[in-house]
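Asks: Below are the sequence and a predicted model; questions follow.
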Amino acid sequence: MKKRLIYLFTAFIAVFACSDDFTEQPAIGALSDDDLANEQGVNVLLTGAYSALDGIRNNQGAADWTVSGDNWWFDVLADDAHKGSTDGDQADLFLLETYDWTSSNPYVFGKWNGLFAGVNRSNAVIALIATIEGVDLSAKLAEARFLRGHFNMELQKIYGNVPYISEQNYSDVEFNQPNPGPIWDQIEADFQFAVDNLPDSQGEPGRPNSWTARAFLGKAHLFQSEWDQAFTLLNEVVTMGPYSLLSEYADNFRVAGDNSSESVFSIQFTADTGQSFNGNRGGTLNFPGGGPFGSCCGFYQPTQDLVNAFQTDGSGLPLLDTFNQTDVTNDYGLDSFEPAPDPVPDGYEPIPTPFTAHTGTLDPRLDYTVGRRDIDYNGYGRMVGKDWIRASFADISGPYLPKKNIYQNGEGANQGTGAWGQQHSGINYHIMRFADVLLMAAEAAVEKSAPDLGLALDYVNQVRNRAKGSTPVQALDGSGAAANYQIEPYAAFADQTEARKAVRFERRLELAMEGHRLFDLRRWGNGVDVMNTYFTNEGRVITSFAGKPNAYEAKHDMLPIPINAIDLSGGVLNQNTGF
């Protein structure tokens with residue numbers, strides 16, 4: 001058989017053995033084509049395709065955090081998060097955050113590398129099934145095509161102009177394909193096949209069903225502003241599908257949310273008592289630099305801009321246009337504790353630096369999303385401020401910590417810790433959850449040819465009422481809620497303009513720090529205005545950020561095509577405009 005050289009993108013883990021003239025024996029640890037040409041072989045390769053969802057594999061040719069399946073570092077390219085840590089640690093990500101982009105940045109290549117690994121693994125399954133007769137493998141084929149659709153949609157969202165590698169290209173070892181433009185038609189075809197051939201439910205967690213495929217097909221139409229098609233599909237998932245909102249918002253980021261009624265499709269992570277290689281290795285940098293459990297490395301810090309967005313107007317509604325006219329009080333520039341006396345007396349207890357927390361009204365989802373000084377940090381007690389922040393006051397990252405990706409105290413079974421303090425969480429990452437589907441359906445209802453503002457209002461309010469009914473973060477002294485929380489549903493949308501604004505703002509509040517924000521800005525076409533306004537406002541409060549980012553330009557609506565991929569293609573791949 002032909003030797004499979006996947007030189008342009010990323011090597012598929014070798015489960016095929018190549019026969020030389022002098023032997024017909026497969027290599028030890030490898031499987032021959034004959035061994036794989038059955039349903040069990042399909043399952044083996046399909047498992048490999050699922051394992052590519054987090055981007056991690058042997059010999060991946062890129063750092064774990066660059067390929068990460070939870071898309072955390074794309075929040076750093078938006079207005080939700082700073083890189084975190086010190087400016088000099090992961091300098092390549094600092095360059096991306098400050099919009100000093102080049103096609104040689106290893107993050108740019110890492111994600112390309114990881115996603116094409118998923119495409120190739122999916123194609124391996126599809127190509128193998130085509131060689132097997134006498135057994136109905138249509139459902140397995142639908143799973144593989146769903147996965148290929150997902151990987152290709154991620155590539156499309158990120159790079160804009162990407163090559164399409166078919167199962168025939170894979171079989172013929174023709175990976176060097178051009179990138180003339182979007183590949184939405186192929187993505188839609190894969191998701192439609194999955195809709196038509198997947199069962200309505202799956203017995204094994206983590207596998208897509210026909211409703212999952214409908215939701216992803218609806219999302220593909222949404223990204224193309226094909227509102228009527230998107231609405232039909234997404235509304236079917238809402239009204240007839242098996243999903244529902246969890247009663248507690250924060251359960252989505254705990255064990256309770258793993259494969260729950262709100263989980264539409266997730267990366268299945270698991271932790272053990274050691275380094276947890278099946279945990280979330282791509283997010284390993286994104287824990288407090290010190291903090292309550294001695295973790296590393298202080299990346300992925302929420303922005304002041306995001307925190308300000310959670311302010312409410314006194315009647316429980318968000319400040320859609322004015323949220324940055326006032327700031328939620330922060331402790332930027334304050335040490336955690338007063339200087340200790342010299343010499344330090346026996347039994348000395350550090351004295352916290354005086355700090356008065358924000359007293360204005362806030363959406364309660366803030367304190368399940370952002371770690372703030374003097375608020376309980378996921379059951380670990382008071383977030384003490386600077387002592388849990390690795391960044392110095394001269395670094396651009398500010399005073400906040402992430403929360404959604406951090407373990408809850410007491411859920412130690414999901415905590416994987418390595419030799420240097422790295423963390424590999426065993427809690428699933430929701431690629432899509434039902435709240436996302438509700439808000440996508442609401443958006444399509446607003447934008448479709450015959451807008452239905454009443455239905456959009458209903459779906460937005462379902463999300464807001466769940467937040468209202470959830471148990472808020474509690475005060476450290478047990479006296480009740482930790483802050484002045486106030487959230488209410490909308491009474492009505494006055495017109496399409498207000499409805500559009502409300503739906504978009506709700507997506508930010510509900511899905512903050514979950515890897516969606518940049519792609520929303522890109523498809524709405526308002527990245528230039530939003531991001532350049534953000535650069536100014538953030539620098540006003542976090543002064544170490546001021547002046548460091550370059551301007552966001554229209555070209556930044558796509559990442560550049562990695563230069564090493566272009567070079568290896570011999571010029572078959574074309575660079576995106578502006579890079």
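Replies: Okay, I see it.

Asks: so who does the closest residue to residue 336 other than its chain neighbours touch?
Replies: Using Cβ to Cβ, 6 or more residues apart in numbering and skipping the chain neighbours, the partner closest in space to residue 336 is residue 387 (4.0 Å). All C-beta atoms are positioned from the backbone trio N, CA, C, and that covers glycine. With contact set as Cβ atoms under 8 Å, 6 or more residues apart in numbering, residue 387 has these partners: 290, 335-337.

Asks: 10 Å instead?
Replies: By Cβ atoms under 10 Å, 6 or more residues apart in numbering, the contact set of residue 387 is 288-291, 335-337, 350.

Asks: Show me how to select, in ChimeraX, the buried members of the residues you listed.
Replies: This is how ChimeraX selects the buried members of those, with burial counted by 16 or more other Cβ atoms under 10 Å:
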select :288,289,290,291,336
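
Asks: Including distance to residue 70, pLDDT and secondary structure, could the contacts of residue 387 go into a markdown table?
Replies: As requested, the contacts of residue 387 are arranged in a markdown table below (distance: Cβ to Cβ, whole Å; pLDDT from 0 to 100; DSSP: H, G, I helix; E, B strand; the rest coil):
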| residue | distance to residue 70 | pLDDT | secondary structure |
| --- | --- | --- | --- |
| 288 | 18 | 96 | coil |
| 289 | 19 | 92 | coil |
| 290 | 23 | 84 | strand |
| 291 | 20 | 89 | helix |
| 335 | 32 | 97 | coil |
| 336 | 29 | 96 | coil |
| 337 | 34 | 96 | strand |
| 350 | 35 | 93 | coil |
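
Asks: thinking again about what came up before, just say helix, strand or coil for the residue nearest to residue 336.
Replies: Remark: residue 387 carries the secondary structure label helix [criterion: DSSP: H, G, I helix; E, B strand; the rest coil].

Asks: Now do it, the pLDDT please.
Replies: If you check residue 387, the pLDDT there is 96.

Asks: From residue 69, how far out is it?
Replies: 31 Å (Cβ to Cβ, to the nearest Å).

Asks: Likewise for residue 424?
Replies: The gap separating residue 424 from residue 69 is 13 Å, by Cβ to Cβ.

Asks: what's the overlap in contacts for those two?
Replies: Common neighbours of residue 424 and residue 69 (criterion: Cβ under 10 Å, 6+ apart): 269, 280-283.

Asks: Rebuild the residues you listed as JSON lines, extending it with neighbour count and secondary structure.
Replies: Converted to JSON lines, the shared contacts of residue 424 and residue 69 look like this (neighbours: other Cβ atoms under 10 Å; DSSP: H, G, I helix; E, B strand; the rest coil):
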{"residue": "269", "neighbour count": "25", "secondary structure": "coil"}
{"residue": "280", "neighbour count": "29", "secondary structure": "strand"}
{"residue": "281", "neighbour count": "25", "secondary structure": "helix"}
{"residue": "282", "neighbour count": "27", "secondary structure": "helix"}
{"residue": "283", "neighbour count": "27", "secondary structure": "helix"}
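
Asks: tell me the mean pLDDT over the longest helix along the chain?
Replies: If you go by DSSP state H, the chain has its longest helix at helix 106-129. For helix 106-129, mean pLDDT rounds to 97.

Asks: so for the helix or strand following that helix, what's the average pLDDT?
Replies: Next helix or strand after helix 106-129 toward the C-terminus (DSSP states H and E): helix 138-159. Helix 138-159 comes out with an average pLDDT of 98.

Asks: Could I get the buried residue list for helix 138-159?
Replies: 140-159.

Asks: Next, the residues that contact the following helix or strand past that helix from outside, please.
Replies: Later in the chain than helix 138-159, the nearest helix or strand by DSSP H and E is helix 167-171. With contacts defined as Cβ under 10 Å, 6+ apart, helix 167-171 is touched by 2, 4, 6, 12, 119-131, 141, 144-145, 148, 163, 174-177.

Asks: Separate out the buried members of these.
Replies: Listed as buried from the contacts of helix 167-171 are 4, 12, 119-129, 141, 144-145, 148, 163, 175-177; burial here means 16+ other Cβ under 10 Å.

Asks: How are the strands of the stretch 401-550 of the chain distributed by residue range?
Replies: Ranges of strands in the stretch 401-550 of the chain, per DSSP state E, counting those that start in this stretch, are 401-402, 429-433.

Asks: and the shortest one, what other elements does it pack with?
Replies: Think strand 401-402. Strand 401-402 makes packing contacts with strand 81-84, strand 299-302, strand 370-371 when contacts are defined by 3 or more Cβ pairs under 10 Å, 6 or more residues apart in numbering; DSSP states H and E.

Asks: mind running it again at 8 Å?
Replies: Applying 3 or more Cβ pairs under 8 Å, 6 or more residues apart in numbering; DSSP states H and E, one finds that strand 401-402 makes contact with strand 299-302, strand 370-371.

Asks: Packed most tightly, which of those strands would that be?
Replies: Among these, the stretch with the highest mean neighbour count (mean count of other Cβ atoms under 10 Å) is strand 299-302, at a mean of 28.

Asks: Need the residues that contact it.
Replies: Strand 299-302 has contacts (Cβ under 8 Å, 6+ apart) with 72-73, 75-76, 80-85, 89-90, 283, 285-286, 369-371, 389, 391, 397-398, 400-402, 405, 512-513.

Asks: got it, and stretch 567-579?
Replies: If you take Cβ under 8 Å, 6+ apart as the criterion, stretch 567-579 is touched by 7-8, 101-103, 159-161, 163, 176-180, 553-555, 558-561, 563, 565-566.

Asks: List only those of those flagged as buried.
Replies: Among these, those buried by neighbour count (16+ other Cβ under 10 Å) are 8, 101, 103, 159-161, 163, 176-177, 179, 558-561, 563, 565-566.

Asks: pLDDT weak spots in the stretch 151-300 of the chain?
Replies: Scanning the stretch 151-300 of the chain for pLDDT under 70 picks out nothing.
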